[in-house]
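A.B. asks: My questions concern the predicted model and sequence given below.
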Amino acid sequence: MHQLAGLDLIAEAKLFFSSPDGDPLVALEKAHVTQLTLCDMLEQIADSIPGQISRETCSKLGGDLLPLIRNIHRFEEDILYPLAIERLGSTPAIEATVTRLQYEHCEDECFAEELADALYELGTGKAPKNPEAIGYMLRGFFEALRRHIAFEHEHLLRLMRQAATDGRDDLVTG
Ligand SMILES: [Fe+2]
């Protein structure tokens, strides 16, 4: 995706998740697509340090990163996870999944704060004091976020979609 389109998607999703509405499963897909776009953009930046970096992209991402991540986390923790427990049942497996996901949110938010500062620094156009450290930090963040999304997709979204389909089948056959 082009960088400007990516930035627009991120800005729009940041607003959407400040008061999300509609089908929570569709919203979760939007959260995943947006965060994966963010990961790709961060990877591009990591790959180009200390060479050609778009200052504008870095400072824009520095501003949007934390609110985006926080708004998505609030949506998932306040709306989606309770709904998952309601639809899938309060089994030990689901409880463990939700606990793990919430713990990862906590870690990612801490990480996102540091990352936002680093992106601002890159956005000033001054040569970063420690380019390797910033590259390392960027990679740590987007690799963890991609793993989180894959896990959330596999252990929550897929099961919830399945439960929704099974429910509809019951209605049709019942
Ligand atoms: Fe999540």
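C.D. replies: Noted; the coordinates are in hand.

A.B. asks: Look at the residue lying closest to Thr57 once chain neighbours are set aside and say how many residues are nearby.
C.D. replies: The shortest distance from Thr57 to any non-neighbouring residue, by CB to CB, 6 or more residues apart in numbering, is to Gln3 (5.3 Å). C-beta here means a position set from N, CA and C on the backbone, and glycine is covered the same way. Per other CB atoms under 10 Å, the neighbour tally for Gln3 reads 16.

A.B. asks: which ones are touching Gln3?
C.D. replies: If a contact means CB atoms under 8 Å, 6 or more residues apart in numbering, then Gln3 has 41, 44, 54, 57 as its contacts.

A.B. asks: where's the dip in pLDDT among those residues?
C.D. replies: Within the set of the contacts of Gln3, pLDDT is lowest for Ser54 (86).

A.B. asks: Would you mind giving both backbone torsions of it?
C.D. replies: phi -80, psi 110 (degrees, to the nearest 10).

A.B. asks: hmm, back to that, and the gap between the residue nearest to Thr57 and Gly140?
C.D. replies: Noted for Gln3: a distance of 22 Å to Gly140, by CB to CB, to the nearest Å.

A.B. asks: Repeat that for Arg158.
C.D. replies: Applying CB to CB to Arg158 and Gly140 gives a distance of 27 Å.

A.B. asks: Between those two, tell me which one has more neighbours.
C.D. replies: Gly140 (14 against 11).

A.B. asks: Residue numbers of the chain in contact with the ion?
C.D. replies: With CB under 5 Å from the ion as the criterion, the chain meets the ion at residues 76, 152.

A.B. asks: Name the residue closest to the centre of the chain, please.
C.D. replies: The chain has Gln35 as the residue nearest its centroid, 3.7 Å off, counting by CA atoms, centre = their mean.

A.B. asks: Surely it and Phe75 touch.
C.D. replies: No. Using CB atoms under 8 Å, Gln35 is not in contact with Phe75, being 12.0 Å away.

A.B. asks: For the longest helix along the chain, buried residues please.
C.D. replies: Longest helix of the chain, by residue count under DSSP state H: helix 92-123. Neighbour counts using 16 or more other CB atoms under 10 Å place 94, 97-98, 101, 104-105, 108, 111-112, 115-116, 118-119, 121-123 of helix 92-123 among the buried residues.
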